[in-house]
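What shape does this take:
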Amino acid sequence: MRKIQKNRIYRHFKGDFYLVVDTAFDSESKEEMVIYRRLYGDGSLWVRPLKMFLSEVDHQKYPNVKAKWRFTLQKIESSATNFKA
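This is a model prediction of the structure:
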């Protein structure tokens, strides 16, 4: 099973990038939720059920999408790794 990684950047299958801030539980349903910030526009915070965040793309609804997952963890290397003080 896929696991969420906090403080990491994910790409939505439609193309935009998001920073996972944390997870939380809905006070009524007790469902685990993902709290994430969009890395464009106003940078607002959003919440979505963890199960949905980690789910596969609905290829019946989006037949032309090649991505497997709704959100994909991005591997972003630091540009400072070659920095010498």
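
Quick check, central residue of the protein?
By C-alpha atoms, centre = their mean, the chain has its centre lying nearest to Y10, at 4.0 Å.

Quick check on K61: phi, psi?
phi -80, psi -30 (degrees, to the nearest 10).

what about it, distance to D26?
For K61, the distance to D26 (C-beta to C-beta, to the nearest Å) stands at 24 Å. Yep, even glycine has a C-beta here, placed from its N, CA and C like the rest.

When those two are compared, which one has more neighbours?
D26 (11 against 7; other C-beta atoms under 10 Å).

was I right about the more buried one contacting V34?
No - judged on C-beta atoms under 8 Å, D26 makes no contact with V34 at a distance of 11.5 Å.

So what pairs up with the residue nearest to the centre of the chain in the strands?
Y18, L73 (DSSP bridges).

Give the full set of residues in contact with it.
Taking C-beta atoms under 8 Å, 6 or more residues apart in numbering, we find Y10 in contact with 17-20, 36, 71-74.

Take those residues and lay them out in CSV including distance to I4.
Below are the contacts of Y10 laid out as CSV (distance: C-beta to C-beta, whole Å):
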residue, distance to I4
F17, 16
Y18, 12
L19, 12
V20, 6
Y36, 9
F71, 9
T72, 12
L73, 9
Q74, 13
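
from those residues, which would you call buried?
Among those, those classed as buried by neighbour count (16 or more other C-beta atoms under 10 Å) are 18-20, 36, 71.

Mind picking the two most distant members of these?
Pairwise distances among the buried ones among the contacts of Y10 were taken by C-beta to C-beta; the largest, 11.3 Å, belongs to L19 and F71.

Can I get stretch 59-67 in PDB, CA atoms only?
The C-alpha atoms that make up stretch 59-67 are tabulated as PDB, following Å, rounded to 0.1, in the frame of the first residue of the first chain:
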ATOM      1  CA  HIS A  59      -9.400   6.100 -16.300                       C
ATOM      2  CA  GLN A  60     -13.100   5.700 -17.200                       C
ATOM      3  CA  LYS A  61     -13.600   9.300 -16.400                       C
ATOM      4  CA  TYR A  62     -10.300  10.400 -17.800                       C
ATOM      5  CA  PRO A  63      -9.600   7.900 -20.600                       C
ATOM      6  CA  ASN A  64      -6.700   9.900 -22.200                       C
ATOM      7  CA  VAL A  65      -4.700  10.300 -19.000                       C
ATOM      8  CA  LYS A  66      -1.600   8.100 -18.900                       C
ATOM      9  CA  ALA A  67      -0.700   8.600 -15.200                       C
END
